[in-house]
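Novice: Sequence first, then the predicted structure, then my questions.
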Amino acid sequence: MIQQVPDNINFPEAEEKILQLWNTLNCFQECLKQSKNKPRFTFYDGPPFATGLPHYGHILAGTIKDIVTRFAHQSGFHVDRRFGWDCHGLPVEYEIDKALGIKGPEDVAKMGIAEYNRNCRGIVMRYSQEWRTSVTRLGRWIDFDNDYKTLYPEFMESVWWVFKQLYDKGLVYRGVKVMPFSTACNTPLSNFESHQNYKDVQDPSVIVTFPLEDDESISLVAWTTTPWTLPSNLALCVNPDLQYVKVKDQNTGKKFILMEARLASLYKSESEYEVLDRFPGVTLKGKKYKPLFNYFIKCRENGAFSVVTDNYVKEEEGTGVVHQAPYFGADDYRVCMDFNIIQKDSVPVCPVDASGCFTAEVTDFSGQYVKDADKNIIKVLKERGRLVHISTFKHSYPFCWRSDTPLIYKAVPSWFVRVEHMVEKLLENNSQCYWVPDFVREKRFGNWLRDARDWAISRNRYWGTPIPLWVSDDFEEVVCIGSVAELEELSGVKITDLHRESVDHITIPSCCGKGVLHRVSEVFDCWFESGSMPYAQVHYPFENKREFEDAFPADFIAEGIDQTRGW
């Protein structure tokens, strides 16, 4: 017999009654017990930060996760559903820095890493009860009592194991990465930090000449708003597909090469120049030119001071000729790597110290703060006849959120995981995954994989999983640790926790007569921890080995679209 549905049903009240019934009967745990011996359906739940409250995105993804895992259970599968927490990384440090008025590494040094991390630990689960209340109220079945946290020593040990697998396969190397850098705080910032404080500023705008080696009467002309990077110039970049012109300046008689669409950057009227030739940018590829400065003239042996091509050069600004200082710009670095002007193991052409001052290599401007040196560099260029045009340019520019000083982009040492050589394999595996919506496979995620670069996995931070590399002072001897037991055996020290305050002081005897080895100072990018979650949530391979191997990889993951480029 069909029950009559009341006309004035109170849905919130009905929901509360159902939740109470589920709780009284312990329905979720009972269902797990009943399905324990059934085939496994593996689900991974990406960990949110508990330093913030759940929002609509979390609720939407959580609802989808609940629907699919319930359906899998009702279809005869056993489905473990563990909640997890992302506990490390910048969001936590950011909150602590604000609360304690910390401006930079020197403040942390005064406080001590142990005290700093103690404060971080104190807030990571600040909103855990709110999360539990909200998720439960939404009717989602998920195991909060058997949750995982990225700060657990067991989780961190599995992250170490994952890293050692990569290291032993030759997939880890030390290189440099161009990052936003605070010269006031003497530290690189994450992209998240660099977007915290943008301001409109007036910067110098200069156009300078680069005479061709085979005919010095003809010059490529390049535009920049960072004259301080010109002493580090190693190449010029043009767009291979767009049209370029050689023009004669009617006022000076000089001959310049620039993008045809950007003639207005140099001339107000067509009567001010005569077009002598037109050609696509690709015809300029490989052309040699006379450098502005000779500080790094030895780089010519590797192909420096020549024209390279890339489609990142656009026709919206500048002259269509972009000066390349590879250790002060991410695109510059990528392009110069592509053309072998620099290599991953090259000695960086980065004559700027952590305070933003030129080093002794740049003899004319040594010791000068780069932004202050702009005017002196422009003066020298003018004296040498290499300055074509000078003005100012108003644009939005990133400032350090801590010190309120302008950031620069600068190469910093970093540890990388090799990815580029395995792109085809990644694409092949991606093609075997079922995506909803299906276009993400080929478009957003597929495109990202095709352009995948080696991953900089190290961060100059404090609250995170320390990178388990112990090195000699010259970095020629490196020992990668993959477990607590291995570190205890090599060091003779009992390990109770894996955060920096517990392992930074530990040394390992050298096997090569180099004294003792010290741990590198960096911690992992927290995305590396999240990516290790399938192993680390069950402390694999130290525990649950059979259970993990029988259930790996996941049958189902549901996350916001931003996560397709995360874990």
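Specialist: Received it, and whenever you're ready, just let me know what you need.
Novice: pretty sure residue 564 is touching residue 445, no?
Specialist: Yes: Residue 564 lies in contact with residue 445 (Cβ atoms under 8 Å); the separation is 4.8 Å. No exception for glycine: its C-beta is placed from N, CA and C like everyone else's.
Novice: more neighbours, these two?
Specialist: residue 445 (19 against 16; other Cβ atoms under 10 Å).
Novice: For the stretch 101-250 of the chain, just list every one of the helices.
Specialist: All helices of the stretch 101-250 of the chain, identified by DSSP state H, counting those that start in this stretch, fall at 105-111, 113-123, 128-137, 153-168, 191-194.
Novice: Compare the mean pLDDT across the ones you listed and name the weakest.
Specialist: Set side by side, those give their lowest mean pLDDT on helix 191-194, at a mean of 75.
Novice: packing partners for it?
Specialist: With contacts defined as 3 or more Cβ pairs under 8 Å, 6 or more residues apart in numbering; DSSP states H and E, the packing partners of helix 191-194 are helix 90-100, strand 172-182.
Novice: For the chain, which helix or strand comes out least confident on mean pLDDT?
Specialist: In the chain, no helix or strand scores lower on mean pLDDT, DSSP states H and E than helix 191-194, which sits at a mean of 75.
Novice: Tell me the buried residues in it?
Specialist: The neighbour-count check on helix 191-194 (16 or more other Cβ atoms under 10 Å) flags 193, 194 as buried.
Novice: quick one: it to chain centroid distance?
Specialist: Relative to the mean C-alpha coordinate of its chain, helix 191-194 is positioned 10 Å out (Cα atoms, centre = their mean, to the nearest Å).
Novice: hang on, residue 261 in a strand?
Specialist: No: counting by DSSP: H, G, I helix; E, B strand; the rest coil, residue 261 is not part of a strand but helix.
Novice: which residues sit in contact with the closest residue to it other than its chain neighbours?
Specialist: The shortest distance from residue 261 to any non-neighbouring residue, by Cβ to Cβ, 6 or more residues apart in numbering, is to residue 315 (4.0 Å). By Cβ atoms under 8 Å, 6 or more residues apart in numbering, the residues touching residue 315 are 239, 242, 259, 261, 262.
Novice: what does residue 212 give?
Specialist: Residues in contact with residue 212 (Cβ under 8 Å, 6+ apart) are 218, 219, 220, 287, 288, 289, 290.
Novice: quick one: the strands in the stretch 151-300 of the chain?
Specialist: Using DSSP state E, counting those that start in this stretch, the strands of the stretch 151-300 of the chain run over 172-182, 187-188, 198-212, 215-224, 235-238, 243-249, 255-259, 273-280.
Novice: what's the closest of those to residue 518?
Specialist: Closest to residue 518 of the strands of the stretch 151-300 of the chain is strand 172-182 (Cβ to Cβ; 14.7 Å).
Novice: just the angle between that closest one and helix 153-168, please?
Specialist: Here strand 172-182 runs at an angle of 110 degrees relative to helix 153-168 (axes from the mean of the first three to the mean of the last three Cα atoms, to 10 degrees).
Novice: all strands for the stretch 401-550 of the chain, in order.
Specialist: For the stretch 401-550 of the chain, the strands defined by DSSP E, counting those that start in this stretch cover 408-417, 455-456, 458-459, 469-471, 478-480, 507-509, 516-519, 523-524.
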